[in-house]
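In: any chance you could fold what I've pasted below:
(2 chains)
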Amino acid sequence: GAVVSQHPSRVICKSGTSVKIECRSLDFQATTMFWYRQFPKQSLMLMATSNEGSKATYEQGVEKDKFLINHASLTLSTLTVASAHPEDSSFYICSGRERTNTGELFFGEGSRLTVL
Amino acid sequence: GNSVTQMEGPVTLSEEAFLTINCTYTATGYPSLFWYVQYPGEGLQLLLKATKADDKGSNKGFEATYRKETTSFHLEKGSVQVSDSAVYFCALILAYSGNTPLVFGKGTRLSVIA
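Out: All right, here's what the predicted structure looks like:
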């Protein structure tokens, strides 16, 4: 299947700093990117959907000023956690879909954020 | 709305045991169904999928059949290995439009012991 590379895989930061997570589709053009958050022992919660060149659409309850998503190109989307706090500690996973497919999403490896 | 219900875990099996992880869905139309697997510390990988009723998805010894009459997509494997220890997610998607996300179940953790 297609490859999505997510970086960094792990990041530890101090409270109040901002953290950027990159998600790259390596062998396809991801017209749509989805960002999920996974809490321990729980399922994936969809945070936002972004289309290349457009503003992201956030799910209810997700703060758009806290979780800044940029999808400037067909191969790169970024999630910036602004002024991170300990409650933002989580596993963040991106996934991409190309224009023509049968619904399958290709997932990045995930990024574990720990805010001290 | 659309939703996926999986059996609660964790499931602990001995090596070579038979595995079944139940998955049922509720959807307003005819979804495509997926099983994803997440190994420790990693992201999700597609395990198998089925796009219409009576389709059987299979991969790495795992199988699941799309049962419209029971709205189910149970995952099975005849003989599990220690390397199968992971969290398994059942998921559906209702339409193939670009912005439609997958709807996931809560995941079932499988531990296989030697």
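In: give the burial count for the residue lying closest to residue B:23 once chain neighbours are set aside, as a bare number.
Out: Distances taken as Cβ to Cβ, 6 or more residues apart in numbering or on different chains place residue B:90 nearest to residue B:23, at 3.6 Å, with adjacent residues excluded. Quick note: C-beta positions are derived from backbone N, CA and C, even for glycine. Burial of residue B:90 is recorded as 30 neighbouring residues (other Cβ atoms under 10 Å in any protein chain shown).
In: just say helix, strand or coil for residue B:90.
Out: Under DSSP: H, G, I helix; E, B strand; the rest coil, the three-state class of residue B:90 is strand.
In: which other residues reach the one helix or strand in chain A whose mean pLDDT sits lowest?
Out: One helix or strand of chain A scores below all others by mean pLDDT, DSSP states H and E: strand A:106-107, with a mean of 87. The contact list for strand A:106-107, computed with Cβ atoms under 8 Å, 6 or more residues apart in numbering or on different chains, reads A:1-4, A:25, A:28, A:30, A:93-97, B:36, B:43-46.
In: which among those end up buried?
Out: Of the members of those, the ones counted as buried by neighbours, 16 or more other Cβ atoms under 10 Å in any protein chain shown, are A:2, A:4, A:25, A:28, A:30, A:93-97, B:36, B:43-46.
In: closest to residue B:70 among those?
Out: Taking Cβ to Cβ as the measure, residue B:70 sits nearest to residue B:36 out of the buried ones among the contacts of strand A:106-107, at 21.3 Å.
In: on that earlier part again, now the next helix or strand after the least confident helix or strand of chain A: buried residues?
Out: Next helix or strand after strand A:106-107 toward the C-terminus (DSSP states H and E): strand A:111-115. Within strand A:111-115, the residues that qualify as buried are A:111, A:113, A:115, counting by 16+ other Cβ under 10 Å.
In: tell me the strands beside strand A:111-115, with direction?
Out: As defined by DSSP bridges, the strand partners of strand A:111-115 come to strand A:10-13 (parallel), strand A:90-98 (antiparallel).
In: who touches the nearest residue to residue B:7 once chain neighbours are set aside in this structure?
Out: With Cβ to Cβ, 6+ apart as the criterion, residue B:7 has its nearest non-adjacent residue at 4.4 Å, and that residue is residue B:22. Contacts of residue B:22 were listed using Cβ under 8 Å, 6+ apart, and they are B:6, B:7, B:72, B:74.
In: can you put these in CSV and add neighbour count and pLDDT?
Out: Formatted as CSV, those follow (neighbours: other Cβ atoms under 10 Å in any protein chain shown; pLDDT from 0 to 100):
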residue, neighbour count, pLDDT
B:6, 24, 94
B:7, 17, 89
B:72, 17, 97
B:74, 18, 98
